[in-house]
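> take this sequence and fold it.
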Amino acid sequence: MKKNYKKIQMLVQISNLMRHPFHKEIYELNEIENLAENIKRNGLILSEVGIDEQNYILSGARVVEACKLLGWTEIEAKVFKEITEEDAKEIIISANLQRVKNIYETAKEAEYYLSKLPIQQGKRNDIKSEGTDITPEWAQGMERYDAVADKIGADMSGSTLRKLLEVKEFEETQSEAKLGLLKKINSRDLSIDRAAKIINSYKEQQVEVSQIQHIKSVSIESDVERKWVLYHSSSLSMKELNDGIIQTCITSGPYFSLRKYGKGTQLTPEVGLETSYNDYINNMIPFFREIYRVLSIRGSFFLNIGETYSRNANNNIMLRLVLAACDEVGFHLVNSIVWHKTNVLPQAINKRLQPSYEMIYHLVKDAEQYDYYPLRYIDDTKKSKVYSIDRPNKRGGIDIGAPVLSKPYKKFKDFIDVQHFEDVITSSSAASESAELHKLEPNINHCAIFPSTICVLPILTTSLPGQLILDTFSGSGTCIDTALMLGRKGIGYEIEERFVQLTHKRLADAERRVSQTDMSTLQQMVESTNINNITHFANQDVQGNAA
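Presented below is the predicted three-dimensional model:
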């Protein structure tokens with residue numbers, strides 16, 4: 001019920017008038033010059049200014065400021081007599097009921113009236129409130145936010161008002177976010193509902209960031225002096241390794257009926273040069289069993305294998321080999337990754353298409369327990385921000401996209417997206433890496449080098465810095481070198497002595513090359529979605545690091 005306040009009309013000195021603190025807290029004084037011009041032209045309505053007995057302005061604060069601008073010294077005002085502080089606040093809000101208010105003023109008015117309602121009234125009570133135990137007449141039978149929205153004449157539902165206050169509280173308590181949501185709402189660049197969704201996204205991001213901070217902060221140092229070891233022996237028996245100590249194994253064994261390495265005998269052909277693909281599969285199974293033994297229950301095994309042909313017919317070696325690994329050894333296939341080669345060597349074929357890919361099979365011991373990290377890198381210089389993407393439409397105009405929240409980190413998926421397909425890794429052959437190896441040992445040629453690029457994805461998504469990475473057919477040491485560059489430790493097995501010597505030369509200064517500076521550079525590479533050749537670290541000016 002509206003109160004009948006005692007009031008008198010009188011002429012007062014403008015210099016004695018002050019804005020009421022409550023008015024200052026809620027409302028802004030704007031467009032004073034326009035109002036002054038309007039008063040000068042049309043005159044002043046006497047009832048527009050109201051004050052209390054302490055000369056605090058309760059209504060017409062803009063009018064008083066405009067009259068000051070015009071040089072007036074006196075003004076007619078209504079003086080409210082014998083009112084309480086709460087009465088003054090009611091008068092102030094009522095005087096602004098018809099005024100077009102900005103979003104800040106609406107929120108502050110709502111907070112005031114919410115403080116007058118019982119905390120338990122309605123369904124939601126999670127907004128700060130100094131609520132009483134008595135429901136005012138204007139709010140009886142209504143949900144508290146609906147009642148307040150109606151009381152202040154807000155052009156929104158109670159649900160929307162609640163979201164607005166949640167946005168305001170978020171910006172006050174999460175000032176470090178600096179999203180400027182209220183400012184965007186006030187300028188009509190962002191809806192209240194969308195702002196509430198952005199807040200939920202931000203909170204989810206914070207949870208994700210807290211979960212991945214440990215990945216960034218893990219040091220590559222450890223209590224083990226050596227970060228890599230290469231055994232000059234066959235991986236058919238990895239007696240040096242205990243059960244379950246390997247986190248990730250990445251290897252590319254001898255392909256069937258393709259290359260001769262000169263390690264076989266007349267009685268025992270080398271692996272890959274068997275007389276039938278069945279013999280080849282049977283010879284590979286013991287290697288898989290040994291990998292299964294040393295692999296952690298949470299570990300992953302990535303097998304790179306290419307197809308071969310006999311009498312122009314596909315041997316289906318890739319499928320046969322992975323089926324054997326699953327059926328005969330006990331692995332589970334969780335993903336099949338295509339390695340698309342952009343500069344494949346041409347083959348003399350005329351009855352089928354030119355092959356341009358090999359497979360990388362992701363195998364695990366336990367399909368439920370294996371570790372997998374949809375890796376994210378955090379850039380401390382970046383903050384989440386609200387943005388929208390404008391797109392041309394078919395009408396020749398521009399469609400403004402819905403505002404969204406940017407990420408303060410990059411997912412490794414961002415790199416994969418650049419590859420066009422999630423399960424396809426596109427790269428050239430290892431020609432550039434072969435050239436680097438020739439600098440180390442000009443007299444050695446390795447005919448089956450694979451690029452370090454294809455090691456990056458398996459290592460980053462299935463292991464953490466400091467964990468063990470294994471290559472059972474180490475060759476020139478590409479997998480170990482890449483593991484070191486990513487802050488992991490490497491173990492390799494290689495039977496060819498010349499490749500063992502080459503790898504030792506390649507990795508001789510690897511421990512010195514791996515530094516936090518390198519890791520920071522890698523982080524920047526991933527964030528820019530520009531991972532091409534991780535061994536670029538080998539080409540860095542080591543003097544810069546030494547300095």
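
> how far does whatever helix or strand residue 68 lives in sit from its chain's centre?
In the assignment (DSSP states H and E), residue 68 maps to helix 61-69. Averaged C-alpha coordinates place helix 61-69 at 51 Å from its chain's average position (CA atoms, centre = their mean, to the nearest Å).

> now for the very next helix or strand once past it, which elements pack on it?
Proceeding N to C from helix 61-69, the next assigned helix or strand is strand 74-81, under DSSP H and E. Strand 74-81 makes packing contacts with strand 6-13, strand 50-52, helix 61-69, helix 85-95 when contacts are defined by 3 or more CB pairs under 8 Å, 6 or more residues apart in numbering; DSSP states H and E. Just so you know, the C-beta spots here come from the backbone N, C-alpha and C atoms, and that holds for glycine as well.

> what mean pLDDT does the longest one get?
This points to helix 85-95. The pLDDT scores in helix 85-95 average 89.

> tell me where the model's unsure across the stretch 401-547 of the chain.
Where the stretch 401-547 of the chain drops to pLDDT under 70, the residues are 408-450, 509-547.

> picking up where we left off before, tell me which of the helices and strands packed on strand 74-81 sits most buried.
strand 50-52 (a mean of 22; mean count of other CB atoms under 10 Å).

> show residues contacting whichever helix or strand comes after that one.
Using DSSP H and E, the next helix or strand after strand 50-52 towards the C-terminus is strand 56-59. Contacts with strand 56-59, where a contact means CB atoms under 8 Å, 6 or more residues apart in numbering, come from 17-21, 23, 48-52, 64, 78, 80, 88, 91-92, 95-96.

> on that earlier part again, just the CA atoms of the helix holding residue 68, as CSV, please.
Extracted in CSV, the C-alpha atoms of helix 61-69 (Å, rounded to 0.1, in the frame of the first residue of the first chain):
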residue,chain,number,x,y,z
ALA,A,61,18.5,14.8,-8.9
ARG,A,62,19.1,15.4,-12.6
VAL,A,63,16.9,18.5,-12.5
VAL,A,64,18.9,19.9,-9.7
GLU,A,65,22.2,19.3,-11.6
ALA,A,66,20.7,20.9,-14.7
CYS,A,67,19.6,24.0,-12.8
LYS,A,68,23.1,24.3,-11.4
LEU,A,69,24.4,24.2,-14.9
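
> so what strands line up beside the helix or strand encompassing residue 333?
Taking DSSP H and E as the definition, one finds residue 333 inside strand 332-341. Taking DSSP bridges as the criterion, strand 332-341 sits next to strand 357-364 (antiparallel), strand 424-427 (parallel) in its sheet.

> buried sites along that strand?
Neighbour-count burial for strand 332-341 flags 337, 339, 341 (criterion: 16 or more other CB atoms under 10 Å).

> about what we covered before: could I get the helices and strands packed on strand 74-81 as TSV with distance to residue 235?
Below are the helices and strands packed on strand 74-81 laid out as TSV (distance: least, CB to CB, whole Å):
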stretch	distance to residue 235
strand 6-13	97
strand 50-52	90
helix 61-69	84
helix 85-95	80
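
> what number of residues lie near the closest residue to residue 247 other than its chain neighbours?
Among residues not flanking residue 247 along the chain, residue 467 sits closest, at 4.0 Å (CB to CB, 6 or more residues apart in numbering). Using other CB atoms under 10 Å, residue 467 has 21 other residues around it.

> show me the contacts for residue 467.
247-248, 488-489.

> over to residue 163?
Going by CB under 8 Å, 6+ apart, residue 163 touches 192-193, 195-196.

> return the backbone torsion pair for it.
Taking degrees, to the nearest 10, you get phi -60, psi -40 for the backbone angles of residue 163.

> roughly how far apart are it and residue 106?
12 Å (CB to CB, to the nearest Å).

> touching stretch 155-162 from outside, list them.
Identification of contacts with stretch 155-162 by CB under 8 Å, 6+ apart yields 106, 110, 124, 127, 143-149, 154, 164, 192-193.

> of those, closest to residue 100?
Nearest to residue 100 among the contacts of stretch 155-162: residue 106, at 10.3 Å, using CB to CB.

> tally of neighbours for the nearest residue to the closest one once chain neighbours are set aside?
Distances taken as CB to CB, 6+ apart place residue 154 nearest to residue 106, at 5.5 Å, with adjacent residues excluded. For residue 154, the tally of surrounding residues (other CB under 10 Å) stands at 20.

> quick check, residue 154 in a helix?
No - assessed with DSSP: H, G, I helix; E, B strand; the rest coil, residue 154 is coil; it does not lie in a helix.

> any idea what residue 360 is bridged to?
The residues listed as beta-bridge partners of residue 360 by DSSP bridges are residue 304, residue 337.

> residue contacts, it?
302-304, 336-339, 425, 454, 458.

> what about it, distance to residue 97?
Taken as CB to CB, the span from residue 360 to residue 97 is 68 Å.

> repeat for residue 460
Taken as CB to CB, the span from residue 460 to residue 97 is 60 Å.

> nearest spatial neighbour of residue 393, skipping sequence neighbours?
residue 399 (4.7 Å).

> any idea how far apart the tips of stretch 72-89 sit?
Chord length of stretch 72-89, first to last residue, is 27 Å (CA to CA, to the nearest Å).

> buried set for it?
By neighbour count on 16+ other CB under 10 Å, the buried set for stretch 72-89 is 75, 77-80, 83, 88-89.
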